[in-house]
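Visitor: only geometry, no sequence info:
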């Protein structure tokens, strides 16, 4: 748990020095926009490195850049992200999961700028776990395909105040990996997405026609948008559509439903990993989130 071991140490450091300390300890890092969570490098967390020369070059160019750490096997950490929004808080769900033994075993806790929580866990080397969101529970999981912002980074809050990621405490016990699948099932039980019989028959006749699926995704409300997009993307993946074709077909509909570009791409990637585990999709995140379709198919907005 190299990252967690350093959190107390880097708390008062300049960001450039903290980034160098993480890299020296073997924790890959990459720079994010000062006061924000968006990557400054083109490939985002895919560009994370422990190379001291590269880290020094990045933070010499952007001395106030926040520190991003990819989650999963590359860093050895996975994170349960307890959100606090105007629409709700994830603390009740997280506390109940902890009481049930589904979120115990954390290595360290970090208070986030919104008042939420990052609970860090060691990676199980024998079990890769993908990132996911449990929107209704206000809890996310950061594993393979995800990243977090690490202390002593700061995020700009309403009112112009930059609030820090603050290390709270390290566990006094030996940390153990979290079972992300069991945790997700507890927080957001997987139930079949309700569609009427006539629509189900129409999907079967039309071979999961992209237009029908896109129209259905566009009508999903808050709390069902991610799950609906995931379900629709799985249907297109199973029918043989390429990842880019699925993004072009479902991207505008998902945006209409209220999803952000990065959420759309992450959800479609997850769908292809679930249906074709050996397939590496071409739908990759980029720093400026331009790879999103608005309007006509194939149109990329700069």
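Guide: Ah, there it is. Since this is a predicted model, take the numbers as computed values, not measurements. Numbers count the residues shown, from 1 in each chain.
Visitor: any chance you could map the helices in the protein?
Guide: Assigned by DSSP state H, the chain shows helices spanning 2-10, 15-24, 52-61, 91-99, 180-187, 197-206, 210-218, 225-238, 243-257, 261-275.
Visitor: Which among these is found nearest to residue 153?
Guide: helix 15-24 (6.7 Å; Cβ to Cβ). Yep, even glycine has a C-beta here, placed from its N, CA and C like the rest.
Visitor: Determine the set of other helices and strands touching that closest one.
Guide: helix 2-10, helix 52-61, strand 66-70 (3 or more Cβ pairs under 8 Å, 6 or more residues apart in numbering; DSSP states H and E).
Visitor: if you set the cut-off to 6 Å instead, what comes out?
Guide: Contacts defined by 3 or more Cβ pairs under 6 Å, 6 or more residues apart in numbering; DSSP states H and E place helix 15-24 against helix 52-61.
Visitor: and the helix it packs on, how far from the chain's centre?
Guide: 25 Å (Cα atoms, centre = their mean, to the nearest Å).
Visitor: ok so, going back, reformat the helices of the chain into a markdown table and put mean neighbour count and mean pLDDT next to each item.
Guide: Below are the helices of the chain laid out as a markdown table (neighbours: other Cβ atoms under 10 Å; pLDDT from 0 to 100):
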| stretch | mean neighbour count | mean pLDDT |
| --- | --- | --- |
| helix 2-10 | 19 | 90 |
| helix 15-24 | 20 | 97 |
| helix 52-61 | 15 | 98 |
| helix 91-99 | 16 | 96 |
| helix 180-187 | 19 | 95 |
| helix 197-206 | 11 | 51 |
| helix 210-218 | 19 | 81 |
| helix 225-238 | 23 | 86 |
| helix 243-257 | 22 | 85 |
| helix 261-275 | 21 | 88 |
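Visitor: In TSV: those, plus distance to residue 170.
Guide: As requested, the helices of the chain are exported to TSV (distance: least, Cβ to Cβ, whole Å):
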stretch	distance to residue 170
helix 2-10	6
helix 15-24	16
helix 52-61	24
helix 91-99	16
helix 180-187	21
helix 197-206	50
helix 210-218	42
helix 225-238	32
helix 243-257	39
helix 261-275	30
